[in-house]
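# Here is a sequence together with a model predicted from it:
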Amino acid sequence: MPRQKSSKIKVTVLIPAFNEAATIVEILGAVNAQAIDGVAFEIIVIDDGSSDRTVERLEQNPALYTTLIKRTANGGKGAAVKDGLAIATGDYVLFQDADLEYDPAEYASLLKPVLKFNADIVMGSRLVASPCTRVSYYWHKVGNRLITFAFNILNNTTFTDVYSCYLLYRRDLVPVGDIVTEGWEQQAEILSRAVAKAESMFEVPVSYYGRTYGEGKKIMAHHAIAVIWTIFVRRLFR
């Protein structure tokens, strides 16, 4: 059902960061450049115990975010996400990596199904007619397809890329207190919980400018094992 034009939705953009001094100001500038009719943004940055100048650069640019959470020790992306979700106030949550692999210029496309069809979940897919995708690691693509296949079989969905960074979902579908994982498998848990309650789900193409390990990429092939296990567990205990 289409949204009422008179209402404005609030989107919490959640940005976990660990040693991203080289890109954090640039990505926040790109997030702040997004202006979409009917949408207000809340920008929460969670520094996950960075040992470089990430916090310094954030503190030098307070106008670029709504809230900064400074974790004293590195707990991993999942722990940072939970800290951010605990204070989020948006109607929707949108994840944004602190590097430059994903472009905030895609926000308008991601929010179109929300504004037009009142979508509960929108996934940004790198595998559906994406206008620009950097050639990267073959086995990562194989792993992503395996994860997506398992998710679709167990949840009766037709996603093409369940481990894209760009997951946008209605915040009340997944109370932060229900989230138990803190590793790379956390996105599988959040998406599984959201899909179990969602009535309207969409996917839109997004570009991807992936990093190499030398450039700072952190996810490894073995993380797929925990992801697939989490998908099975969440389906079993839905």
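On my side now, so go ahead.
# Flag the helix or strand of the chain with the lowest per-element mean pLDDT.
helix 223-236 (a mean of 78; mean pLDDT, DSSP states H and E).
# can you count the residues close to K116?
11 (other Cβ atoms under 10 Å). Glycine gets a C-beta too; all of them are placed from N, C-alpha and C.
# Okay, and it sits in which element?
Under the criterion of DSSP states H and E, K116 resides in helix 107-117.
# same for the least confident helix or strand of the chain, what does it pack against?
helix 138-155, helix 186-197 (3 or more Cβ pairs under 8 Å, 6 or more residues apart in numbering; DSSP states H and E).
# Please identify which of those is closest to I87.
With distances scored as Cβ to Cβ, the stretch of those nearest to I87 is helix 186-197 (16.6 Å).
# List the first helix or strand encountered after that closest one toward the C-terminus.
As assigned by DSSP H and E, the chain's next helix or strand after helix 186-197 is strand 201-205.
# what inclination does that following strand have with respect to helix 138-155?
Angle of strand 201-205 versus helix 138-155, following axes from the mean of the first three to the mean of the last three Cα atoms, to 10 degrees, is 160 degrees.
# how about low-confidence regions in this structure?
1-6, 129-141, 143, 211-224, 238 (pLDDT under 70).
# ranges for the strands of it?
9-17, 39-48, 67-71, 92-95, 121-125, 167-170, 201-205 (DSSP state E).
# out of those, which comes closest to T158?
strand 201-205 (8.0 Å).
# Parallel or antiparallel, list what pairs with the closest one.
strand 121-125 (parallel) (DSSP bridges).
# Could you tell me how far the strand it pairs with lies from the centre of the chain?
9 Å (Cα atoms, centre = their mean, to the nearest Å).
# before we move on, the earlier item: looking at the helices and strands packed on helix 223-236, which is nearest to F18?
F18 lies closest to helix 186-197 among the helices and strands packed on helix 223-236, at 14.7 Å (Cβ to Cβ).
# Dig out what the residue nearest to the spatial centre of the chain forms beta bridges with.
The centre of the chain sits closest to F95, judged by Cα atoms, centre = their mean, with a distance of 2.6 Å. Beta bridges link F95 to L14, judged by DSSP bridges.
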